[in-house]
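Asker: below are the sequence and a predicted model for it; my questions follow.
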Amino acid sequence: MEQVKASTKKNSAILAIVTIVVVLLLVILVKEKYLPKLECKYIDRGNNNFSNERYRLAVIDYTIVLVINPNCASAYLNRGLSFAQLGDTQRAIADYNKVLEIEPNNKMAYLHRGNAYSKLGEFDLATADFDAAVNLETSDSDTYIWKGLSYQSQKLYNLAIDEFNRAIQVDPMNKLGYLNRGNVFYDLGEMDLALSDYEQVLRIDPLYAGAYIGIGNIFLAREQYHLALLEYDKALAIDPGFKDAYLARGVVFGLMGQSEEQIAEITKAIKVDPNSKEAFMHRGNVYYWQGRYDLAFSDYTAAAKIDKNYADALYSRGLIYSAKKEYRSAIAEYSKAIKADPNYTSAYLNRGLAYYAIQETDLAMADYDKVSELAPNDIGPYINRGQIYRSQGLYDLALAELNKAVEINPNEPIALFGRGLVYYDTENFIEAIADFMKYLALKQDAQIYCFIGNSYLQLSEFPEAVYFLEKGVELDHDNAIPWCLDSLNYVYQLSPSP
């Protein structure tokens, strides 16, 4: 009996060991036979989703691949590209980093990470990555193009041209080298050189639609609008789904004063690419200029949904709230824009204006100071600080700010008007008249005529007072400046026959 028990126990142990071995063999078999197939399935599905611009679904698929195989470099690379398309640049960089941990010589990871760094303004890091890619393969002309595009985004045009030249030298038939060099020449205003490069692209590939866009842009810059439309139409004949061609046509119609046609073209672009934040932004801008704020807000919101860090869309939502005098909501939107882009000077400036509107003067001044720190030659903060100091009766400080504004731009009407008002308030009427007259040389304004007339009245120069006050009343069609007529009647009483 004891022998039977011992034998049974021994058999049970053997059975357990065999079971474990069989299970392990089955796991290995499944892993070796089925997991690679599963990995391929999700890679293919992720690639399909990416190709069809379903980037969130692509992220999910590539993540499943990485659960199956944590060392799959291509899944990290493609997930990084998907994050980049979703506007999540930091996550994209994290995935490119993983690629380079697995494959230190992966050229595409360096290129895409360099491009991501460029978008973040980390240009030194971007250049280092592009250089690393070049060192890996000096005969790849496209690598030089990526580096050139980074320089172009920094407005380092000569360096960009050097890189495009290298790309062309490596491959004289690389149309992107000529196209991008043409774009730089266009940015520099060298239209003949730009045209030559675009024409070279078409000699290499007569059906390259982007070159027709470039030529159309040259005609647009020369205000030859109908010729520009013809070039954009050529691009659309080659590629009816070319979003940029519709947007370009929209710009032409806008410059021709045909805003409804402009909206129609941008709407076509959105139909072609419903994820184009730029298209929603452009159409929103047209609605904004038309005063159709609800439609503009809807388009800016659509752009912000596509890219939650799209600072221009957030800023523009703030402008609409400001126009509606909903200042606290405006401040919230400007703050979001600043979080997305800490160097967004217009957002600081307009947030300052909103703070001033709700009498948060200290916060307004802090924003104006930030603009001056970021852009010392931006006259907006000087004008606005001058206005605040004037409202507080601190005329010396106001004058110092407005003097600086006029020094930066002697032909800015608002700066001249603001300084003229300080002179007017402090009874320096001759200086006030001088600034107001400079304003009128730049722009006709009923209010300015009235201030000049009142200044002459204070100097007892009655004929001049009558002339300018009458002109002010004549231009004040809506009687928005009632004191101007009062001043004129007062002069008539003092001098019935001026």
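Answerer: Done, it's in. Residues are numbered from 1 along each chain as shown.

Asker: so for stretch 429-436, what gets flagged as buried?
Answerer: For stretch 429-436, burial by neighbour count (16 or more other CB atoms under 10 Å) applies to F429, E431, A432, I433, A434, D435, F436. (C-beta placed from N, C-alpha, C; glycine too.)

Asker: OK, contacts around the fourth one?
Answerer: Right, I433. Each residue near I433 by CB atoms under 8 Å, 6 or more residues apart in numbering is listed here: G420, I452, S455, Y456.

Asker: hmm, D435 and the third one touching each other?
Answerer: No: using CB atoms under 8 Å, S455 and D435 do not qualify as a contacting pair, with a distance of 10.1 Å.

Asker: on that earlier part again, now go through the buried residues of stretch 429-436 and say which are in helices.
Answerer: F429, E431, A432, I433, A434, D435, F436 (DSSP state H).

Asker: biggest separation within the residues you listed, which pair?
Answerer: F429 and D435 (10.8 Å; CB to CB).

Asker: quickly list what's touching both of these two.
Answerer: With CB under 8 Å, 6+ apart as the test, F429 and D435 both reach Y423.

Asker: so, low pLDDT: which residues of this protein?
Answerer: 1-39, 495-498 (pLDDT under 70).

Asker: 80 instead?
Answerer: By pLDDT under 80, the weakly predicted segments of the chain are 1-42, 495-498.

Asker: for A415, which non-adjacent residue is closest in space?
Answerer: The shortest distance from A415 to any non-neighbouring residue, by CB to CB, 6 or more residues apart in numbering, is to A405 (3.9 Å).

Asker: the one you found contacts N384, doesn't it?
Answerer: No: with contact defined as CB under 8 Å, A405 does not count as touching N384 (9.5 Å).

Asker: name the helices or strands packed onto the strand or helix carrying R203?
Answerer: Assessed by DSSP states H and E, R203 sits inside helix 191-204. For helix 191-204, the elements it packs on are helix 175-187, helix 209-221, judged by 3 or more CB pairs under 8 Å, 6 or more residues apart in numbering; DSSP states H and E.

Asker: so which of those gets nearest A337?
Answerer: Using CB to CB, the nearest of those to A337 is helix 175-187, at 25.2 Å.

Asker: please, where are all the strands along the stretch 251-400 of the chain?
Answerer: Assigned strands in the stretch 251-400 of the chain: none (criterion: DSSP state E, counting those that start in this stretch).

Asker: and V422, how many residues sit next to it?
Answerer: 24 (other CB atoms under 10 Å).

Asker: that one contacts R390, doesn't it?
Answerer: Yes: using CB under 8 Å, V422 is in contact with R390, at 5.6 Å.

Asker: so what sits against both of those two?
Answerer: A398.

Asker: residue contacts, E464?
Answerer: G453, Y456.

Asker: got the CA coordinates for the host helix or strand of it in CSV?
Answerer: Per DSSP H and E, E464 falls inside helix 462-475. The C-alpha trace of helix 462-475 is given here as CSV (Å, rounded to 0.1, in the frame of the first residue of the first chain):
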residue,chain,number,x,y,z
PHE,A,462,-10.3,131.6,-34.3
PRO,A,463,-10.1,131.3,-38.2
GLU,A,464,-8.1,128.2,-37.9
ALA,A,465,-10.4,126.9,-35.1
VAL,A,466,-13.4,127.4,-37.4
TYR,A,467,-11.8,125.7,-40.3
PHE,A,468,-10.9,122.5,-38.5
LEU,A,469,-14.0,122.3,-36.4
GLU,A,470,-16.2,122.7,-39.5
LYS,A,471,-14.3,120.0,-41.2
GLY,A,472,-14.7,117.8,-38.2
VAL,A,473,-18.5,118.3,-38.1
GLU,A,474,-18.7,117.7,-41.8
LEU,A,475,-16.9,114.4,-41.5
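
Asker: quick one: buried residues of it?
Answerer: E464, A465, V466, Y467, F468, L469, E470, K471, G472, V473, L475.

Asker: contact partners for the closest residue in space to N115 that isn't next to it in sequence?
Answerer: Nearest residue to N115, sequence neighbours excluded (CB to CB, 6+ apart): W146, at 6.5 Å. By CB under 8 Å, 6+ apart, the contact set of W146 is L111, G114, N115, F130, A133.

Asker: what subset of the residues you listed is buried?
Answerer: By 16+ other CB under 10 Å, those give L111, G114, N115, F130, A133 as buried.

Asker: from the residues you listed, which two are the most distant?
Answerer: Spatial extent of the buried ones among the contacts of W146 (CB to CB) is set by the pair N115 and A133 at 10.5 Å.

Asker: which residues touch the host helix or strand of Y232?
Answerer: Counting by DSSP H and E, the element that carries Y232 is helix 225-238. By CB under 8 Å, 6+ apart, the residues outside helix 225-238 that reach it are 207-210, 212-213, 215-217, 219-220, 242, 244-246, 248-249, 252, 255-256.

Asker: same thing but 7 Å
Answerer: 207, 209, 212-213, 215-216, 219-220, 242, 245, 248-249, 252, 255-256 (CB atoms under 7 Å, 6 or more residues apart in numbering).

Asker: that one to helix 191-204, inter-axis angle?
Answerer: 20 degrees (axes from the mean of the first three to the mean of the last three CA atoms, to 10 degrees).

Asker: give the buried residues for helix 225-238.
Answerer: Y225, L227, A228, L229, E231, Y232, K234, A235, L236, I238.
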